[in-house]
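Visitor: Sequence first, predicted coordinates after that:
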Amino acid sequence: MKQFTFEKENFQPDYIALKFEVLDWYDRKQILGYLFKIGFNMYSGLPPKADAIRTDPKKKFKIYVTENIPDWNGTVIHFTGKNAKQFYDLLKGMVIEVKIFQGATLARFDLAYLRYHKKTDNISVSQFLFMCFEKIRITHRKVSIDKNNAGLIQRIGHRKNNRCYRIYEDTENKNFLKFEYELKSRALVQSQNLIFLDKLQDFEHQLSFEFINQLSKLLPLQYSYMDWLVYKLRPLRKRGKGTTKLTQKALKTDYMVTKNFSKLSDRRHFWNLLQFLVYVQELSYQTDYLGDIQYRQVTFPVQHFLEYKKESNNYYQVKKILQFFDELQTNSMIKFFTNNYYRSLVTIPDVKLFPGKQNRWTAEVWIAEELFYYAHPFLFPDFFQQKLTKHEFEVLFKVIQTFTSEENLEKVFSIKDYFKNYQSTLNNSQKIKIKNYFIQVIQRLKEDDLIENNCKIIRDGHPFNTNKLTSKNINEGFIIYEKLNL
C-alpha cells in the first residue's frame, strides 16, 4: 500500500491536546518553562476567555493551559491551529525533548485539509454542504449544519464522540473550504506510543489513511469540492470485475493536460508512448543505475513493437515509429502530463537505434524502474490495438484526454464544441458516425467497470438524466461519471 505522510497529502495538524492526570507544581513549571523557551507564549483557559500567564512579543506561537474544566479533567495543554502545526513540526524535526512530556497522554488530535475554491466550482459552498447533509443523514444520525459568525459549518458525529468531522469555510481565509478530522481519547490509544516513541511515519500513515478512507464513505464524491479526495483515492481503488482482465495489458496513464495537443503528430506520438510503456513490461531486461536512480534497459526489434500495435511492417510505418523513438529521446512528450513526479518517471535518459538488413531496426531504451510499480490513477482498455479510422482515433483520444484531465468524477463532453473545433469539415453522415462511436466507447468503459451506469445529456446548456445515450440526444453533449470501486 502507498505510504501516506502529512506533507505529501497536504494535511496539517490543527489541534493537539496533551493531558496530565496528575501534574505537581514543579513538573508544571518545568514543562511550561520549556515550551516558553522554544517559542510558545502561555495562556490560562481557552480562547476567547484566556488570560496571559507569561508572554513575550517576540514569540509567535501560543499554548492554552486548562485545569479540570468540563470535558477536560486534569491539566491539559492545548495547541490550536498554527500553534499545533508548529509543535508537531518541532516534534517531527526532533527539536522537542520528548522526555519532558513523560506522563502525558495524547487527548486530542485534529487533522485538516484546506481546499481552494475554484472558478470551475459549479455550485456554492452552502449548496455543497446541504448535498452532503442529505446523503449523510440516510446512514448517519449525528449530522448537522449550523451557522456561526464565520458562516455555515457541517458536523458529522457528536463532539463528545471519539471521532467526528467538520466541514466549513476557513475563518482566516474565505478562499478555502476546510475539512477536519477530530480524534479524542480511545481513538488515539494506538497512536499514543507512535507519537512519543519516534514513530511519526507510522502515525501519519495511520491517521491519513483513516481520514481519506472515512471521508470517502461519508461524502458524495461527485461534486467539485471533493476533487482533492478523489485525487487521493484513485491510486487506492480496487479494480472491478470488468477491469481485472485489463490489469496487465491496459493503457495506464497519469493526469493529462487539457490542451497542447493541437498537432495530430503530437496525439499519435503520445499514444505511442502509452502503448510503449505497456509493451515493455513483458520484455526481458537488465537493470543498472544512472547516478542514484535504477533503470531497466530493454532491447527489442522495432518491427516487433509494430506487430504489437497491429500495424503494417512497411517502410512508411517503420519510418513513423523511428520518428517516435527520436521524439522519445528528446523527452518532449512529458509536457503532456501535469504531475511533475510522474514526468520524472517517464523521462527517458537514453534511446539507441541500430539499423539492420532490409530496413530492420533494433531499439535499446532505458526506463526508470519505479515506473513499473507506479500506482497509475487511470487505466483503460488498449483501444489502439486495432485498425482505427482517423475519426475513431480522434474520438478515443478525446474520451481519454477528458477522462484524465478532469480531477472530479463528473466528465463533461461537449459534442457541440467538439464538432466546432474539429480539424476538418464534417458532413451529417460523418457526424452521426462519430457520435455513435462516442457511444460505443462509453459502452466499453461501462463493460470494463470504469464508469457508473447513470449518465446525463446536455440540452439548452443544462444536464438531464437519461437511460440511454443516442446519436440524437447527445447533439449538444453528455456527462458520465467515473467509478472508483473503493
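Guide: Yep, that arrived. Residues are numbered from 1 along each chain as shown.
Visitor: who are the neighbours in contact with N331?
Guide: T347, I348 (Cβ atoms under 8 Å, 6 or more residues apart in numbering). The C-beta positions use only the backbone N, C-alpha and C, and glycine is treated the same way.
Visitor: any idea how far stretch 443-459 is from the chain center?
Guide: The gap between where stretch 443-459 is centred and where its chain is centred comes out at 22 Å by Cα atoms, centre = their mean, to the nearest Å.
Visitor: mind checking how far R155 is from D51?
Guide: Using Cβ to Cβ, to the nearest Å, we find R155 at a distance of 29 Å from D51.
Visitor: again with Y255
Guide: In terms of Cβ to Cβ, Y255 sits 51 Å off from D51.
Visitor: Neighbour count for those two, which is higher?
Guide: The neighbour count for Y255 versus D51, taken as other Cβ atoms under 10 Å, is higher for Y255 (18 against 9).
Visitor: how about the nearest residue to that one, chain neighbours excluded?
Guide: Excluding the flanking residues, the one nearest Y255 by Cβ to Cβ, 6 or more residues apart in numbering is T338, at 4.6 Å.
Visitor: Go ahead and confirm that neighbour touches M256.
Guide: Yes. T338 lies in contact with M256 (Cβ atoms under 8 Å); the separation is 6.9 Å.
Visitor: Quick check: neighbours shared by those two?
Guide: Residues touching both T338 and M256 (Cβ under 8 Å, 6+ apart): S405.
Visitor: who's more crowded, these two?
Guide: Taking other Cβ under 10 Å, T338 and M256 do not tie; M256 has more neighbours (22 against 15).
Visitor: Quick check: the gap between the residue lying closest to the more buried one once chain neighbours are set aside and P235.
Guide: In this structure, M256 finds its nearest non-sequential neighbour in T404, 4.4 Å apart by Cβ to Cβ, 6+ apart. Using Cβ to Cβ, we find T404 at a distance of 13 Å from P235.
Visitor: Do I have it right that Q275 meets K310?
Guide: No. The pair Q275 / K310 is not scored as a contact, 10.2 Å apart, by Cβ under 8 Å.
Visitor: Identify the contacts common to these two.
Guide: Common contacts of Q275 and K310, defined by Cβ under 8 Å, 6+ apart, comprise Q385.
Visitor: Tell me which of those two has more neighbours.
Guide: Q275 (18 against 12).
Visitor: Now do the same for the strand or helix carrying F203: mean pLDDT, whole number.
Guide: Per DSSP states H and E: F203 is located in helix 200-218. Taken as a whole, helix 200-218 carries a mean pLDDT of 92.
Visitor: strand partners of the strand ranked longest in the chain, parallel vs antiparallel please.
Guide: Longest strand in the chain by number of residues, with DSSP state E as the criterion: strand 105-116. Strand 105-116 has its sheet partners listed here by DSSP bridges as strand 12-20 (antiparallel), strand 176-184 (antiparallel).
Visitor: what does the average pLDDT come to for the last one?
Guide: Read that as strand 176-184. Mean predicted lDDT for strand 176-184 stands at 94.
Visitor: same check, this time on the first one
Guide: In this model, strand 12-20 has an average pLDDT of 94.
Visitor: What segments of the stretch 151-300 of the chain are helices?
Guide: Using DSSP state H, counting those that start in this stretch, the helices of the stretch 151-300 of the chain run over 189-196, 200-218, 227-233, 264-279.
Visitor: residue contacts, H205?
Guide: Q3, F4, T5.
Visitor: what does the domain assignment say about this protein?
Guide: As given by automatic domain parsing, the domain ranges for the chain are 6-234, 239-254+380-486, 260-375.
Visitor: Quote the end-to-end distance of stretch 87-104.
Guide: End-to-end span of stretch 87-104 (Cα to Cα, to the nearest Å): 15 Å.
Visitor: Any buried residues in it, and which?
Guide: The neighbour-count check on stretch 87-104 (16 or more other Cβ atoms under 10 Å) flags F87, Y88, L90, L91, K92, I96, F101, A104 as buried.
Visitor: Now intersect those residues with the helices, please.
Guide: Taking DSSP state H, the ones among the buried residues of stretch 87-104 that sit in helices are F87, Y88, L90, L91, K92.
Visitor: show me what contacts the second one?
Guide: Residues counted as contacts of Y88 (Cβ under 8 Å, 6+ apart) are P13, I16.
Visitor: quick one: low-confidence ranges for the stretch 101-250 of the chain?
Guide: 197, 238-249 (pLDDT under 70).
Visitor: M226: how many residues sit nearby?
Guide: With neighbours defined by other Cβ under 10 Å, the count for M226 comes to 22.
Visitor: isn't it right next to L219, touching?
Guide: Yes. Counting by Cβ under 8 Å, L219 is a contact partner of M226 at 6.1 Å.
Visitor: List of residues touching whichever strand or helix holds I53?
Guide: Using DSSP H and E, I53 falls within strand 51-54. For strand 51-54, contacts defined as Cβ under 8 Å, 6+ apart pick out L32, F36, N41, M42, Y43, S44, G45, V65.
Visitor: Look up how far D254 lies from R343.
Guide: From R343 across to D254, the span is 9 Å (Cβ to Cβ).
Visitor: Kindly report the same for F336.
Guide: 10 Å.
Visitor: Could I get the contacting residues of the residue nearest to the spatial centre of the chain?
Guide: In the chain, the residue lying closest to the centroid (Cα atoms, centre = their mean) is Y231, at 2.1 Å. Listed by Cβ under 8 Å, 6+ apart, the contact partners of Y231 are P377, E407.
Visitor: hmm, back to that, more neighbours: T404 and P235, which one.
Guide: A direct count of neighbours by other Cβ under 10 Å for T404 and P235 places T404 higher, at 22 against 14.
Visitor: Checking my notes, that one in a helix, right?
Guide: Yes. Going by DSSP: H, G, I helix; E, B strand; the rest coil, the assignment for T404 places it inside a helix.
Visitor: residues touching it, list them.
Guide: T253, D254, Y255, M256, P377, F378.
Visitor: These: which two are farthest apart?
Guide: Farthest pair in the contacts of T404 (Cβ to Cβ) is M256 and P377. Separation: 10.7 Å.
Visitor: Buried members of the contacts of H205 into ChimeraX, please.
Guide: In ChimeraX, a selection of the buried entries from the contacts of H205 looks like this (16+ other Cβ under 10 Å):
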select :4
